[in-house]
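In: The sequence and its predicted three-dimensional model are supplied below.
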Amino acid sequence: MSLTELNYAIDTLFILVSAALVMWMAAGFSMLEAGLVRSKNTTEILVKNILLYALACICFLNVGYQIMYGDSTPSGYAPKAYIFFQLVFVATAMSIVSGAVAERMKLSMFLIFAVIMTAVIYPVSGSWVWGGGFLSQLGFIDFAGAGVVHMAGAAAALAGVLILGPRKGKYGHSGAIYPIPGANMPLASLGTLILWFGWLGFNGGSQLTIHNIENADSVATIFLNTNMAAAGGALAAFLITRLIWRKADLTMILNGVLAGLVAITAEPAAPSALSATLIGCGAGVIVVLSIVALDRLKIDDPVGAISVHGVVGIYGLVCVALTSASASLTSQLIGAAVIFTWVFSCSLIIWWFLNRAFGIRLGVEHEYTGADIAECGVEAYPEFVSAKGR
């Protein structure tokens, strides 16, 4: 075997293993969302996560990849390994939408949107950054997708939430906010830890090559910085919730972990480990304040996805200008604005059309009894609870 062949094999294996880690994040999103919704909506949220992954793979492979990358073919590793890596990325973006619209959207409407999002909306904006488009030529840097993947998913989710409206009983007429706690905190915690683990492949795999010393060192830096940002986010979220409410709010801590991961995704190779930790700390504070602010604006997001992936995604893109010598604040802000505007506008139009044509929200009775019975006919915990009368 020649050195070229060995390098090809090593880099291909690295991309495939990284892609498998990212695919495992689908389990993380499923467990996180299943834990943060009420028990009567658990089966339906799991159905959404499995089907969105399947649809994302099929739609992006057959339509979206060509839009995003055209006929370009990588030569340093197996082209199909790169395609697989990109498939699991688009599924991650769609998973973000799933949690934000949970507990009150019709399954069929969500799946129709998933087809359009993964086949067209995401690939178009992705082509501007990773496909050699005008944002990359402008100098916009988004290493692993804080904007292309996470902020895009949050923009689509925000548009859907605005059309959909809040869950019944979430907000009172006098401006009161009523908490609707999730059913299973162990599942939510497990999901977060799976995402923390899978994110190493998400960011590390974006280096795409590991066969020489320089790239191997970069991958090691990315792994370390990704982990430290998550740790910083968890600690900061704990401290601010302790300061504000005198409680260790688990859901906020979990979102702090995810916020740190999203923030460092924009550029995980450039900062020092200490800088990555501080970036994560900033994300942990921002996500708590954002979740509270959106709640006061009556934007109902059961899992905090818009704050974690959207608000913190923008923060992460801005941080690139502080840690990378090749980035400028102007190009980062322009890139963030362009991606958000494109995805949000297209999504708003599609959600509006689906709502006018078919109605995207469950009926009052079905929302009351739960999406498990209304949409799936199967309860997640039939031995322990009944959806009737809840």
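Out: Arrived safely.
In: contacts, neighbours, all on C-alpha from now
Out: Noted.
In: Check whether residue 53 really touches residue 91, as I assumed.
Out: Yes: using Cα atoms under 8 Å, residue 53 is in contact with residue 91, at 5.3 Å.
In: Kindly point out which residues are neighbours of both of the two.
Out: Contact with both residue 53 and residue 91 is made by residues residue 26, according to Cα atoms under 8 Å, 6 or more residues apart in numbering.
In: So which of these two has more stuff around it?
Out: Each of residue 53 and residue 91 has its neighbours counted (other Cα atoms under 10 Å); residue 91 has more, 27 against 21.
In: The more buried one: what secondary structure?
Out: Taken by DSSP: H, G, I helix; E, B strand; the rest coil, the conformation at residue 91 corresponds to helix.
In: So residue 278 versus residue 230, what's the distance?
Out: Per Cα to Cα, to the nearest Å, residue 278 is found 10 Å from residue 230.
In: quick one: which of the two has more around it?
Out: residue 230 (31 against 19).
In: To which secondary structure element is that one assigned?
Out: Residue 230 is part of helix 213-245, with elements assigned from DSSP states H and E.
In: can you check residue 300 too?
Out: Counting by DSSP H and E, no helix or strand carries residue 300.
In: quick one: the helices in the stretch 51-200 of the chain?
Out: 65-69, 79-100, 107-116, 122-129, 134-138, 152-164, 185-204 (DSSP state H, counting those that start in this stretch).
In: Turn those helices into TSV, columns for distance to residue 269 and mean pLDDT.
Out: Listed next are the helices of the stretch 51-200 of the chain as TSV, based on distance: least, Cα to Cα, whole Å; pLDDT from 0 to 100:
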stretch	distance to residue 269	mean pLDDT
helix 65-69	24	97
helix 79-100	19	96
helix 107-116	31	98
helix 122-129	18	98
helix 134-138	18	97
helix 152-164	22	98
helix 185-204	9	98
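In: Would you quantify the distance from the nearest residue to residue 60 once chain neighbours are set aside to residue 87?
Out: Leaving aside its chain neighbours, residue 60 sits nearest to residue 119 (5.2 Å; criterion: Cα to Cα, 6 or more residues apart in numbering). For residue 119, the distance to residue 87 equals 11 Å [Cα to Cα].
In: list the residues that contact both of these two?
Out: Shared contacts of residue 119 and residue 87 (Cα under 8 Å, 6+ apart): 56, 60.
In: hmm, back to that, report the rounded mean pLDDT for the helix holding residue 230.
Out: When pLDDT is averaged along helix 213-245, the result is 98.
In: Which residues does stretch 345-356 contact?
Out: Residues from elsewhere that reach stretch 345-356 (Cα under 8 Å, 6+ apart): 109, 113, 117, 121, 155, 156, 159, 160, 163, 360, 361.
In: which residues touch the third one?
Out: Meaning residue 117. Contact analysis of residue 117 by Cα under 8 Å, 6+ apart lists 94, 347.
In: follow-up on the earlier one: and the helix holding residue 230, what other elements does it pack with?
Out: Applying 3 or more Cα pairs under 8 Å, 6 or more residues apart in numbering; DSSP states H and E, we find helix 213-245 packed against helix 185-204, helix 250-265, helix 273-296.
In: All set, thanks.
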